[in-house]
Each structure stands twice: as structure tokens, then as C-alpha cells.
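1. What follows is a predicted structure for the sequence shown.
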Amino acid sequence: GESGNGIEARNDQGTELRIEAAGVSGGNYGIYARNTGTAALSISATGAVEGAGAYGIKAYNYGTDLTIEAAGASGQYSGIAARNTYGSGAVRVTTTGQVDGQEGIGIDAVNGGDGGTTVSVEHVSGDSRGIVAIDQGAGDLVIEATGTVTGTRYDAILADNASGSLSVTVSGVVTGGTNDGQAIDTFTRAGYSSAITLNAGADVGTDDESDGVAIANNAGDSVVTVKTGARVSGGIVLGDGRDSLTFDGGDFSGVSEFNGGDNSGVDQSDTLTFRNGASGTLDGAKVINWETVVIGTGGNISVSGALNAEVEIEAGGVLGGAGTVGGNLSVASGGSVGPGNSPGTMVVAGDFDLASGATLEIEVNGNGAGEFDLLQVGGTADFAAGSIIDFTFAVPEADLFDGFAVTFLTAEDITGFADIADIVFNFFGLGSDYTASVGFNDGLQGPDSLFVTLSEVTQTGGGNNGGNGDPVPEPGMLGLLGAGLLGLFGLAR
């Protein structure tokens with residue numbers, strides 16, 4: 001109807017109400033359906049549905065399930081509005097084309113039943129919000145979007161579940177609006193969880209990438225995963241609760257804030273993980289309210305600034321950079337840590353633990369300030385039997401001399417060197433004229449330290465003892481004894 005509704009159907013006393021149509025248009029509603037019967041309401045439209053003056057599809061159900069399947073829909077206010085507020089079952093909205101809410105919400109679904117809510121869409125846009133899905137019952141809420149979802153003024157996707165789990169999975173461009181709109185904004189109650197997954201092709205952000213929040217969750221627990229081929233631009237703010245944010249190969253270069261949220265409950269620790277090819281520089285100033293940061297298999301992170309968290313490096317994980325780890329740093333077998341940015345200094349405020357099979361990588365480009373890697377540990381540095389220290393020398397030959405030495409680690413206490421034969425030392429980049437050994441200073445007049453020193457094997461011409469590096473203070477007597485002892489096991493050409 002050009003001035004009325006394309007299809008209007010009411011079931012006041014019966015059981016089921018079913019509508020099947022191809023393309024539909026109306027000057028007011030495209031399809032208006034109201035079921036106060038005892039059974040389900042279902043709408044299937046294989047073509048586009050348009051409501052020029054109100055809603056593309058608007059459905060009220062007081063029975064059991066409410067199901068809407070549409071190729072596409074558009075309306076002045078909402079493209080699709082599904083109301084199962086007084087129904088007892090599930091809400092299912094499935095679209096395969098474009099859905100537009102020209103002045104309101106693209107898809108607006110509310111369920112008061114206990115059967116759960118599922119919204120599965122391709123492309124959705126709304127002047128206010130793209131998708132709003134609210135489940136007030138006891139079921140799960142699931143949103144799946146494979147295409148572009150846009151909220152011009154506010155959220156692109158707003159999902160609220162009173163109880164049960166909440167899941168949002170996207171594979172396309174999801175963009176929040178100009179009025180502090182989030183791309184994905186989820187609400188769960190304490191004790192319940194939300195899972196947000198960005199698959200390959202997902203590009204989630206806001207129109208204000210510098211200050212906008214791309215992903216937000218409130219007081220419930222949350223699990224956010226950004227997979228390979230997906231990216232986030234803007235802030236990620238996860239509220240109270242036990243939260244997990246994992247970049248599983250995903251791009252985090254555009255993230256302006258990693259915020260795990262304040263935790264007020266018991267056992268609400270938050271974990272930020274990088275793995276499976278996730279790599280780049282992590283600015284510690286952007287990492288807020290995380291108890292643990294994990295560098296997992298395939299993760300390669302360079303830290304800058306102060307990273308105020310415990311840091312765990314798993315097998316296949318790599319940590320570098322010239323920043324500060326505000327807590328403890330532990331490296332599992334197969335993991336590696338390399339201070340500095342070729343070279344430089346990394347600070348660990350807490351303890352440092354290097355497990356058997358884990359590697360500490362040290363670059364030496366000279367013996368002057370800033371020419372070699374240094375790991376400064378505020379607590380205890382422990383080296384397990386079988387731990388590995390790799391040295392890579394890139395010192396010009398003219399700068400080498402007998403007794404060349406640099407300190408590569410300082411700590412309040414160093415343990416694990418009682419049986420030095422159990423520590424593996426590798427020296428790379430040295431010519432045949434020098435051997436290297438590792439020495440220990442017990443820190444009687446300061447912190448404990450480890451140093452590497454070179455000894456000349458052969459003399460050529462007038463000798464090569466002067467060197468052009470800055471003078472290095474001689475280690476104390478106990479340091480010399482340590483150097484002699486360790487040199488027996490750390491000696492290599």
C-alpha cells in the first residue's frame with residue numbers, strides 16, 4: 001500500500017501466525033504483524049521489504065517463538081523491529097542483504113522469553129544504532145555479522161543480556177558513531193560472560209579513532225579475541241569482572257587504549273595475550289588495569305614505556321624493547337627475551353625467571369653507553385639449569401681488545417649459577433682472535449651483576465689491546481674469581 005502498510009496481519013485468538021512474501025513496500029509499514037495467539041509468529045520475505053514512513057518490518061509476539069527471515073529491509077525508523085517482550089520462546093532474526101534504519105535503528109530485537117536470541121546478518125546500518133539486541137529472559141544472546149555494520153551516531157552493535165551467555169562475532173567493517181558511539185558495546189550481569197570474536201576481515205573502530213571506544217563491556221566477565229586478518233582502531237575498555245583480551249594474530253597497531261577494567265570482586269584477574277603472529281610495539285602507557293600480559297607462541301612484542309603488569313613469555317614467544325616491566329618477568333622453555341632496541345636497556349621491577357630451554361638474548365655493538373644490551377632487575381634473577389644466554393657481537397674489529405667487557409644484567413640477587421655447567425652460553429659474531437667468558441659480581445657494594453669479557457687468543461702486529469671503547473672499570477676480586485670459574489664453562493671462540 002502506497003499510503004498504508006504493505007502487509008498487515010493480526011492473530012488475536014488463534015495459535016500460529018505465519019507470513020510468507022517476496023518483495024513488499026508500504027507508505028507506512030512494509031510488514032506489520034501482531035500475534036497474541038498461543039503459538040509462534042514467523043515472517044519470511046525473499047525480497048526487499050520497505051516501509052517508507054515507519055518500519056520495514058515490525059513484529060509483536062505474545063506467543064512462543066518470533067522468527068524473521070528477510071533478504072533485506074529498510075524503514076524510516078527501523079529496518080526491522082522484533083518484539084517478543086511478552087512471548088515465552090526464542091527470537092531469531094536472519095537477513096542476507098542490506099538492512100537500513102534511516103532515522104533510527106537498523107535491527108532492533110527485544111526478547112522477554114527464555115528461548116534465547118539470535119541475530120544473524122550481513123549488512124546493517126542505522127542513523128542511531130546499527131544493531132540493538134536485548135535479551136531479558138534466561139537464554140543466550142548471539143549476534144553474527146558477516147558484513148558492514150554501522151551506527152552513524154551511536155553504537156554499531158549494542159548487545160544486552162540479563163542472564164545467560166552473550167556472543168558477538170564479526171567478519172566485516174563495524175563502525176561506531178560520532179556521539180561517543182562504540183563499535184561493539186556489550187552488557188552482561190556479574191557472574192555471566194560475553195565473548196567477542198573478530199574473524200579475518202573484521203575492521204572494528206569508531207569515527208573518532210583517537211578518542212573513541214571500539215569495544216566495550218560492562219561488569220560481566222568477557223573474552224575478546226582478535227584473529228589473524230582482523231584489526232581494531234580505538235580503545236578497548238572491559239569493565240569490572242574477569243576479562244581476557246587476546247590478539248590471536250590480529251592487528252593492534254591502531255588500539256589507543258587496552259583497558260582491563262577495575263576489579264572489585266574475588267578472582268577477577270585480567271589477562272592480555274599476544275600470540276600467533278601478533279607483533280609490534282606495545283606502549284605501556286596504553287595498557288591499563290591488566291594483572292598479566294602473556295606473550296604466547298608466535299607473539300613478538302617490543303615494549304616501550306612502563307608496562308605495569310606481570311609478564312609471562314610462553315614457548316615461541318619473544319619480548320624485546322627498551323621499556324619497563326612493572327611486575328615479574330618469567331620466560332618459559334622455548335621463549336626468549338632480548339633487552340633493548342638493538343641494543344638498549346630493559347627494566348624489570350620485580351623478579352626475572354629464565355626457565356630451562358628459555359633464552360636471554362644479548363646484543364653487543366660496543367662497550368660504550370648504549371652500545372650493548374642490559375637487563376636491570378629490581379628483584380631476584382633466577383637462571384634454571386638448562387637456561388640459555390645468547391650473545392651476538394657486532395663490534396668493529398678495531399674496537400676489540402683483550403679485557404673488553406660489558407655488564408649485561410644487574411639484579412638485587414642472582415641465583416642459579418652455583419653449577420655453571422648447567423647454563424648454556426652461545427657466542428655469535430666473534431672472529432678467531434677472541435674468546436668470550438661470562439663473569440659474576442656478587443654485589444658487595446651494590447647489586448649483583450653478570451658481565452661478558454673477551455680474551456685475545458693471538459696477537460697481530462703491535463697488539464690489539466687499546467681499543468676505542470670507553471674505559472670499563474675492572475670487576476672486584478670476587479668478580480674476577482667468578483670470571484675465572486665461569487670462563488671454564490662459558491669460553492668459546
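-> Yep, that arrived. Numbers count the residues shown, from 1 in each chain.
2. Parallel or antiparallel, which strands does the helix or strand containing Leu158 pair with?
-> If you go by DSSP states H and E, Leu158 is part of strand 157-161. Strand pairing for strand 157-161, determined by DSSP bridges: strand 129-135 (parallel), strand 184-188 (parallel).
3. by contact count, what packs against the very next helix or strand once past the last one?
-> Spelled out, that is strand 184-188. Later in the chain than strand 184-188, the nearest helix or strand by DSSP H and E is strand 193-198. The contact analysis (3 or more Cβ pairs under 8 Å, 6 or more residues apart in numbering; DSSP states H and E) places strand 193-198 against strand 166-170, strand 184-188, strand 213-217, strand 221-227. Yep, even glycine has a C-beta here, placed from its N, CA and C like the rest.
4. just to revisit the earlier point, what about the strands paired with strand 157-161, which gets the closest to Ala22?
-> For those, the distance to Ala22 is smallest for strand 129-135, at 24.9 Å, taking Cβ to Cβ.
5. ok, residues contacting that closest one?
-> Defining contact as Cβ atoms under 8 Å, 6 or more residues apart in numbering, one finds that strand 129-135 is touched by 91, 101, 105-111, 116-117, 119, 121, 124, 141, 143, 145, 149-151, 153-162, 164, 166, 174, 177, 181.
6. Take it, keep the C-alpha atoms, and write them as PDB.
-> Extracted in PDB, the C-alpha atoms of strand 129-135 (Å, rounded to 0.1, in the frame of the first residue of the first chain):
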ATOM      1  CA  ARG A 129      22.500   2.400  16.100                       C
ATOM      2  CA  GLY A 130      23.100  -0.500  13.700                       C
ATOM      3  CA  ILE A 131      22.000  -3.500  15.800                       C
ATOM      4  CA  VAL A 132      20.300  -3.400  19.200                       C
ATOM      5  CA  ALA A 133      19.700  -6.900  20.700                       C
ATOM      6  CA  ILE A 134      18.300  -7.200  24.300                       C
ATOM      7  CA  ASP A 135      17.500 -10.500  25.900                       C
END
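7. starting at the chain centroid, how far to it?
-> The chain centroid and the centroid of strand 129-135 are separated by 24 Å under Cα atoms, centre = their mean, to the nearest Å.
8. angle of that strand against strand 166-170?
-> Computed by axes from the mean of the first three to the mean of the last three Cα atoms, to 10 degrees, the angle separating strand 129-135 from strand 166-170 equals 150 degrees.
9. Can you name the next helix or strand after strand 129-135?
-> Heading C-terminal from strand 129-135 (DSSP H and E), you reach strand 141-145.
10. Dump the helices and strands packed on strand 193-198 to CSV, plus mean neighbour count.
-> As requested, the helices and strands packed on strand 193-198 are exported to CSV (neighbours: other Cβ atoms under 10 Å):
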stretch, mean neighbour count
strand 166-170, 23
strand 184-188, 26
strand 213-217, 27
strand 221-227, 22
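11. Save those strands as a markdown table, and put in mean pLDDT and distance to Gly334 too.
-> Output for the helices and strands packed on strand 193-198, formatted as a markdown table (pLDDT from 0 to 100; distance: least, Cβ to Cβ, whole Å):
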| stretch | mean pLDDT | distance to Gly334 |
| --- | --- | --- |
| strand 166-170 | 98 | 31 |
| strand 184-188 | 96 | 34 |
| strand 213-217 | 96 | 31 |
| strand 221-227 | 97 | 23 |
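12. Good, wrapping up.
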